[in-house]
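**Q** here is a sequence with its predicted model. Questions after.
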Protein chains: 2
Amino acid sequence: MEPRITLISLGVADLERSIRFYQDGLGLPRRDGPEGIAFFETGPTLLSLYPREALAEDATVSSEGSGFRGFALAHNVASKEAVVAMLDEAVAAGARLVKPAQDVFWGGYSGYFADPDEFLWEVAWNPHMPLA
Amino acid sequence: MEPRITLISLGVADLERSIRFYQDGLGLPRRDGPEGIAFFETGPTLLSLYPREALAEDATVSSEGSGFRGFALAHNVASKEAVVAMLDEAVAAGARLVKPAQDVFWGGYSGYFADPDEFLWEVAWNPHMPLA
C-alpha cells in the first residue's frame, strides 16, 4: 500500500445538515463534485460526506450499528487558546461539546466535539508534533 | 477551522496485531512516537492506532458500540489492476475481503476490505479524481 489516504468518508443521516455544518459552520472549503456527495479540501486526504445508508450499501454491509464508532479525527492547532477557540467555533456551528479543553497526560491540551452525527473530533495543541 | 485533518485515530482491540497489519502487512511507514500508540505516515493526515478503550476514555465517552461504524477510509490507486492487487495484498496481510473489485455506478472500479477490527477501507480507481 502506498502511504496515502484519499478520503475519509463519513456516512451521515442528513447530507444537507452536514454540509451546512462543515461548509457554513466550520468554513471548510468544498471541492466541486457530483450531486449526492460532498468533498472538502482538507489536504491530500479529503473529507467526504455521504448518506449513511448509501455508504453501507456501497460497502455491501449492513447499516445497523450504534454507540461508539471506535475512531476519532484530530485537528491540531497552534496554541491552547486556539483549542478553546476552535471548540467554541464548533459549538456555535451546532456541534456538541464532548470534553472541554484541558491539559492532558501526554503534555498537550485538548478537547473533543461531536458533529451532528456524533462523529468525534479531537481539537489538540501538541507541543511534540509540528502542525502539518 | 483550518482545512486540515491531523490524525485519523482508529481504536483497536489489539495494538500489536494492528501494528503488524499496517506496518508489516501493508507496509505503511511508521513514524517514531511514544509507546502505546502508533502513527503512520500517510501524508499530512496521519493514521493513528490506539487501544479502543483508551480512545473512548480520552474522549470521555462510553466504549460500548457495535455494528456499522458509519465511515470508511479510501485508498485510490492508478488502475483497475492496482485495485485488485491492493485488495489481494490486504487479504494476504490478514484483512477480510468485504466487496470484491468491480465496476461501480460512478464510473470507477472499487472494492472494500476490513482491517482486523473491521474498519472499512475502499480501494478505488477513480477516473474523475487525480491521485493525491
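**A** Good, I have the coordinates. Numbers count the residues shown, from 1 in each chain, chains lettered A, B, ... in the order given.

**Q** in chain A, which spans are helices?
**A** Remark: helices assigned in chain A by DSSP state H are A:15-19, A:52-59, A:80-92.

**Q** who wins for proximity to chain B among these?
**A** helix A:52-59 (4.8 Å; C-beta to the nearest C-beta). Using the backbone N, CA and C atoms, a C-beta is placed for each residue, glycine as well.

**Q** per-residue confidence averaged over the closest one?
**A** For helix A:52-59, mean pLDDT rounds to 98.

**Q** other SSEs contacting that helix?
**A** Here helix A:52-59 touches strand A:7-12, strand B:71-76, strand B:120-125, going by 3 or more C-beta pairs under 8 Å, 6 or more residues apart in numbering or on different chains; DSSP states H and E.

**Q** coming back round to it: would you format the helices of chain A as a markdown table with mean neighbour count included?
**A** Formatted as a markdown table, the helices of chain A follow (neighbours: other C-beta atoms under 10 Å in any protein chain shown):
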| stretch | mean neighbour count |
| --- | --- |
| helix A:15-19 | 16 |
| helix A:52-59 | 19 |
| helix A:80-92 | 17 |
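
**Q** want to try TSV for those helices, with distance to B:Ser79 as columns?
**A** Shown next, in TSV, are the helices of chain A (distance: least, C-beta to C-beta, whole Å):
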stretch	distance to B:Ser79
helix A:15-19	30
helix A:52-59	20
helix A:80-92	39
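
**Q** that older thread, which stretch among the helices and strands packed on helix A:52-59 comes nearest B:Ala95?
**A** For B:Ala95, the closest of the helices and strands packed on helix A:52-59 is strand B:120-125, at 7.8 Å, according to C-beta to C-beta.

**Q** mind listing what's buried along stretch A:27-42?
**A** A:Leu28, A:Ile37, A:Ala38, A:Phe39, A:Phe40, A:Thr42 (16 or more other C-beta atoms under 10 Å in any protein chain shown).
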